[in-house]
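K.L.:
What would the 3D arrangement of this be:
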Amino acid sequence: MKQTSKFKKESRLFFEDVLSSYNNNEDQKSIKSFLEYVNSGKEQFIHKVILFGEEEIKEYDILTIYSFINGYYLSQAVLNFQNKKKYEYLLNGYQYSILYQILHLKKDTFASGVLGTDLSLIFMLALTYFPEEADLIGEQLVKFLRYNEEVKKNHHSEMTGDFGLSSTVYLSSFLAGYYGKKELGGQIQSFCKKDIETCYKNVVDNLFSMDEAIVNTWVDEMVDFHIRNSKNDLTLPFNHEEWQYFPIEIISLLELRLRKGFEISFIENSFLKEFLPHLGISVPIELDEFTQKLKTRVTG
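P.N.:
Residues are numbered from 1 along each chain as shown. As a prediction, the model looks like this:
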C-alpha cells in the first residue's frame, strides 16, 4: 500500500512538473499557434518567433510540433482525470500518443526513444479504446520490430535487455487475436522471446477464470511486475512515465473480461483503484471537438 501511494504521488508530481514547464511565454505562443493550425485546417505549421530582437515567421516540421505538444496535452489529461474523475479526459489525452505514432507511420519514421514495448502498449490502448486506429498502430509496431531485428543482424549484436519482448509485446499479440487480428498478432509474436514472463503466462491462462482468488492473484502479479519494471531504463517494459502511471496492459485485460461477460467488481488491488470504477466505458471513446479535429487531420 505504501509502495503504491508513493508511486502515485511521484507520478502526479511528474505530470504537474511537465505541465508547469509549458508556462513560459514562448511555449504558450506555440500552443496557441498549434490550436490555430488544427482549427484552421492549414497545411503548414507556421509560428512567429523572436530571433535577435526581430520577429520572424518560421515553418516547423509537423513531427517536431506534435512531439512538443504531446507532453502538454497528456499531462493536462492526467491531472484533469485525477481532479475531475472523468475517464474520457484521460483517454482523450492518450489519444495524442496514438496520433503521433500514426504520423510517424505515414512519414516512414520512428519516434525517438519510442521502442517496441512502448508501441505495444499504444497498440493495446488502440485495441481497447480506439479500434479504428488499431491496425495502423499494429503496423507501426511490426515495422519497428522488423527494423530492430535487421539492426541486430547487421551489427551482429544481441540485446542485453528484455525490451518487453517477453511481456508487453507478447501480451499485445495475444490481445490482437481476441480482437480479430490473428494475422497481425502472429506477426508480432514471431519477434517475442521464447521464455515468457511467468505472470504474463498466468494471465493468458486464467484471463477468464470464474475463481475470484485466481483473478486477484494474477492481477496482483501483473501490478507487482508493472511497478518493479517502471524505471527510467529503456530495456524495461515501462520506461516512460505515461505508461508507468497508466497500466494499460492490465486495464486492457480487465476491459476484455467485461466485454466477454466476466466480473471484475471483486478486484481489490489498490494500484488500480482510481481506474476500476470507470471500466466498461462505451467504445469507441467520444473525443472532444479539438481532439476529433486533430484526429481527422492526422488520419485523413
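K.L.:
In contact with Tyr73, which residues are there?
P.N.:
Under the criterion of C-beta atoms under 8 Å, 6 or more residues apart in numbering, the neighbours of Tyr73 are Gly93, Tyr96. To be clear about C-beta, it is placed using only N, CA and C from the backbone, and glycine gets the same treatment.
K.L.:
tell me which element it falls in.
P.N.:
helix 62-84 (DSSP states H and E).
K.L.:
Distance from the chain centre to that helix, please.
P.N.:
12 Å (C-alpha atoms, centre = their mean, to the nearest Å).
K.L.:
Stretch 258-278 now?
P.N.:
Worked out by C-alpha atoms, centre = their mean, stretch 258-278 lies 20 Å from the chain centre.
K.L.:
repeat for stretch 177-195
P.N.:
18 Å.
K.L.:
what about that stretch, how long is it end to end?
P.N.:
20 Å (C-alpha to C-alpha, to the nearest Å).
K.L.:
quick one, helices of the stretch 101-250 of the chain?
P.N.:
In the stretch 101-250 of the chain, the segments counted as helices under DSSP state H, counting those that start in this stretch are 116-129, 134-154, 168-178, 182-189, 198-206, 212-228, 241-245, 248-259.
K.L.:
Ile267 against Asn216, yeah?
P.N.:
Yes - using C-beta atoms under 8 Å, Ile267 makes contact with Asn216 at a distance of 6.3 Å.
K.L.:
who's more crowded, those two?
P.N.:
Of the pair Ile267 and Asn216, Ile267 is the one with more neighbours under other C-beta atoms under 10 Å, namely 18 against 14.
K.L.:
For the more buried one, give its distance to Ile250.
P.N.:
According to C-beta to C-beta, to the nearest Å, Ile267 and Ile250 sit 10 Å apart.
K.L.:
intersection of neighbour lists for the two?
P.N.:
Val219.
K.L.:
give the contact list for the spatially most central residue of the chain.
P.N.:
Taking C-alpha atoms, centre = their mean, the centroid of the chain lies closest to Ile122, which sits 3.8 Å from it. Neighbouring residues of Ile122 by C-beta under 8 Å, 6+ apart: Ser97, Ile98, Gln101, Ile137, Leu141.
K.L.:
just Ile251 next, same as before
P.N.:
Thr128, Leu272, Phe275, Leu279.
K.L.:
Now go through those residues and say which are in helices.
P.N.:
Residues of these located in helices (DSSP state H): Thr128.
K.L.:
Just the buried ones from the contacts of Ile251, in PyMOL syntax?
P.N.:
Listed next is the PyMOL selection for buried residues among those, using 16 or more other C-beta atoms under 10 Å:
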select buried, resi 128+272+275+279
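K.L.:
what's around Thr64, how many residues?
P.N.:
Residues lying near Thr64 (other C-beta under 10 Å) number 10.
K.L.:
right, and Leu125 touches Trp243 too?
P.N.:
No - using C-beta under 8 Å as the test, Leu125 is too far from Trp243 to be in contact (9.3 Å).
K.L.:
Contacts only, for Ser166.
P.N.:
So Ser166 contacts Cys192, Lys193, Asp195, Ile196, Glu197, Tyr200 (C-beta under 8 Å, 6+ apart).
K.L.:
Excluding sequence neighbours, find me the nearest residue to the last one.
P.N.:
Leaving out its chain neighbours, the residue that sits closest to Tyr200 by C-beta to C-beta, 6 or more residues apart in numbering is Ser167, at 5.2 Å.
K.L.:
just checking, that neighbour touches Thr198?
P.N.:
No - at 10.1 Å, Ser167 does not count as touching Thr198 under the criterion of C-beta under 8 Å.
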